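# Below is the sequence, then the predicted model.
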Amino acid sequence: MQGVLTGFAVIAVVIGVGYLIGRRGHLGEHGREVLTKLAFHVASPALLFTTLAGADLSVIFSSRLLITAISTAAVAGVFVAVGAARHWGAGRTTIGALCSSYVNAGNLGIPIAVYVLGDASLVAPVLLFQQIVVTPIALTVLDLSRPGEKASLWRRVTAPVRNPIAVGSLSGVAVSATGLTVPGPVLDPLTLIGNMSVPAVLLAFGISLCGSTMPGRGPDRRPVLLSVVLKAMGQPLVAWALAAGVFGLRGAPLLDVVVTSALPAAQNLYTYASRYRVGEVLARESILLSTVLSVPALVVIAALLG
């Protein structure tokens, strides 16, 4: 329970600093946009490369990864189905589906894994799945669904390798899979640059809260509420049902799976929405509400299954 509170406290402080920066105008009119571009094009690809280059890819074959994949696909599929029926558009629906299923496995998942589960590596299957599979697919859809752009066959085929986030992730996986060792003079600068990613994302998110209305009340009310319900309740329930009912997990392994699935939507989803200028309000409000609701959810899960 201490890990839950510690993880959220760290994030809240940095977002609060971003809010104050926005209120005082220290970074000027385009501060949020600059931080978003820095995170998307430079810092996040470096972070993902350095993280995945040293990852143990054997977790790709674990039952936990399969549970993560199925629960992610299930809740994202529900949002996509509703979005298609409501004609919310491909880009907006993609952002909403991500907010419904893409957990904050990095800057929040790691401290919670350490303090609640006792092992930071337990979030690795989720992190790998999201960065290797979900992110390239989602960003390819966003690339190809930009208004006014007609994608050629070549553009469709090469979309994943032209996206900096996907390139950073896939390059890290390639290094890990081949067993190569990145020289220190190359890895150290990338690590230093990658360390900017999480603060930049959180600060940009805090700045975006300046002047924003109460979440869940604007024109995006329905997609926001749907994504929050799916993220805060739907995904943990699906993960629990699969882990306990299908895979027969009990005790600590069951707690691990349910806790990671109950993590809130990741802040970097707002970076994606801002980068592609679609679903920005949806992403901001969904992340904020799911983060608030995940606090009691994680406390209850830790009490019941811990």
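Yes, it's here. Numbering: from 1, shown residues only.
# For the helix or strand that contains residue 142, the averaged confidence score.
Assigned by DSSP states H and E, residue 142 belongs to helix 135-144. For helix 135-144, the mean per-residue pLDDT is 86.
# Now it - C-alpha only, PDB.
Provided in PDB are the C-alpha atoms of helix 135-144 (Å, rounded to 0.1, in the frame of the first residue of the first chain):
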ATOM      1  CA  THR A 135       2.700   1.300 -29.700                       C
ATOM      2  CA  PRO A 136       3.800   0.500 -33.200                       C
ATOM      3  CA  ILE A 137       0.200  -0.500 -34.200                       C
ATOM      4  CA  ALA A 138      -1.500   2.500 -32.600                       C
ATOM      5  CA  LEU A 139       1.000   5.000 -34.000                       C
ATOM      6  CA  THR A 140       0.800   3.500 -37.400                       C
ATOM      7  CA  VAL A 141      -3.000   4.000 -37.300                       C
ATOM      8  CA  LEU A 142      -2.600   7.600 -36.200                       C
ATOM      9  CA  ASP A 143       0.000   8.200 -38.900                       C
ATOM     10  CA  LEU A 144      -2.300   6.800 -41.600                       C
END
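# Show me the helices in the stretch 151-300 of the chain, by range?
Under the criterion DSSP state H, counting those that start in this stretch, the stretch 151-300 of the chain contains helices at 153-158, 164-178, 184-194, 197-208, 221-229, 235-240, 252-261, 268-276, 280-305.
# how about the helices in the stretch 1-150 of the chain?
Under DSSP H, counting those that start in this stretch, the stretch 1-150 of the chain gives helices at 2-24, 31-38, 44-53, 63-86, 90-101, 109-112, 124-129, 135-144.
# Can you get me a residue count around residue 145?
17 (other Cβ atoms under 10 Å). For the C-beta atoms, the positions are set from N, CA and C on the backbone; glycine is no exception.
# circling back to that earlier point, can you say which of the helices of the stretch 1-150 of the chain is nearest to residue 285?
Closest of those to residue 285 is helix 90-101, at 9.0 Å (criterion: Cβ to Cβ).
# Pick the most buried one from the helices of the stretch 1-150 of the chain.
Most buried of these by mean neighbour count (mean count of other Cβ atoms under 10 Å) is helix 90-101; its value is a mean of 27.
# Output the below-cut-off pLDDT ranges for this structure.
1-5, 7-8, 59-61, 106-108, 110-111, 113-121, 124, 147-162, 211-217, 306 (pLDDT under 70).
# center of it - which residue?
With distances taken as Cα atoms, centre = their mean, residue 266 lies nearest the centre of the chain, 3.3 Å away.
# Nearest residue to residue 38 in space, ignoring adjacent ones along the chain?
residue 200 (5.3 Å; Cβ to Cβ, 6 or more residues apart in numbering).
# tell me the contacts of the residue nearest to the centre of the chain?
Residue 266 sits next to 102, 103, 104, 105, 106, 287 when contact means Cβ atoms under 8 Å, 6 or more residues apart in numbering.
# just checking, the first one touches residue 129?
Okay, so that is residue 102. No. Here residue 102 lies out of contact with residue 129, judged by Cβ atoms under 8 Å, at a distance of 10.1 Å.
# now residue 54: how far from residue 176?
Distance of residue 54 to residue 176, computed by Cβ to Cβ, to the nearest Å: 7 Å.
# Which one's more surrounded, these two?
Neighbour count, other Cβ under 10 Å: between residue 54 and residue 176, residue 176 has more, with 17 against 13.
# The more buried one reaches residue 55, doesn't it?
Yes. Counting by Cβ under 8 Å, residue 176 touches residue 55, with 5.4 Å between them.
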